[in-house]
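A.B. asks: Give me the fold of what follows.
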Amino acid sequence: MDRTMKFLLGIVAASLVMLNLQLAGVEFVKEAHAELMSSDVQGIESKLEDIAKAIRSLD
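C.D. replies: Numbers count the residues shown, from 1 in each chain. Predicted structure coming up:
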C-alpha cells in the first residue's frame, strides 16, 4: 500500500473510533448554550421591521 492509502485508512479508522466513543456517551466538546438578553431581541425585532418596511417600499 502506498502512503496515501494508509493515510486515508487511518482517517477512516480514527473517525470510526470517535463515532463509537460518541455513541458510548463520551463527550469531546461540550454542548453550546446561547443566551439572548431582552434588549438583544428587541434590537433584532426593530431591525427586521426596518427590513420589512424597506421591502414593502420596493413594491
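A.B. asks: Report the mean per-residue pLDDT for whichever strand or helix holds Ala52.
C.D. replies: Assigned by DSSP states H and E, Ala52 falls within helix 38-58. Helix 38-58 carries an average pLDDT of 84.
A.B. asks: again with stretch 6-23
C.D. replies: On average, the pLDDT along stretch 6-23 is 93.
A.B. asks: mind listing what's buried in that stretch?
C.D. replies: In terms of neighbour count (16 or more other Cβ atoms under 10 Å), stretch 6-23 has no buried residues at all. Glycine gets a C-beta too; all of them are placed from N, C-alpha and C.
A.B. asks: Now the residue nearest the centre of the chain: phi and psi?
C.D. replies: Centre of the chain computed as the mean C-alpha position; nearest residue by Cα atoms, centre = their mean is Ala32, 9.6 Å away. For Ala32, the backbone dihedrals are phi -80, psi 140 (criterion: degrees, to the nearest 10).
A.B. asks: can you tell me how far it sits from Val41?
C.D. replies: 19 Å (Cβ to Cβ, to the nearest Å).
A.B. asks: Repeat that for Leu9.
C.D. replies: With Cβ to Cβ as the criterion, Leu9 and Val41 are 49 Å apart.
A.B. asks: again with Met18
C.D. replies: Separation of Met18 from Val41 (Cβ to Cβ): 37 Å.
A.B. asks: now do Leu16
C.D. replies: According to Cβ to Cβ, Leu16 and Val41 sit 42 Å apart.
A.B. asks: One more: Leu23?
C.D. replies: Distance, Leu23 to Val41, by Cβ to Cβ: 37 Å.
A.B. asks: and Val29, how many neighbours?
C.D. replies: Residues within reach of Val29, counting by other Cβ atoms under 10 Å, total 5.
A.B. asks: How about the secondary structure of it?
C.D. replies: coil (DSSP: H, G, I helix; E, B strand; the rest coil).
A.B. asks: go on, Gly25?
C.D. replies: Here Gly25 is recorded as coil under three-state DSSP.
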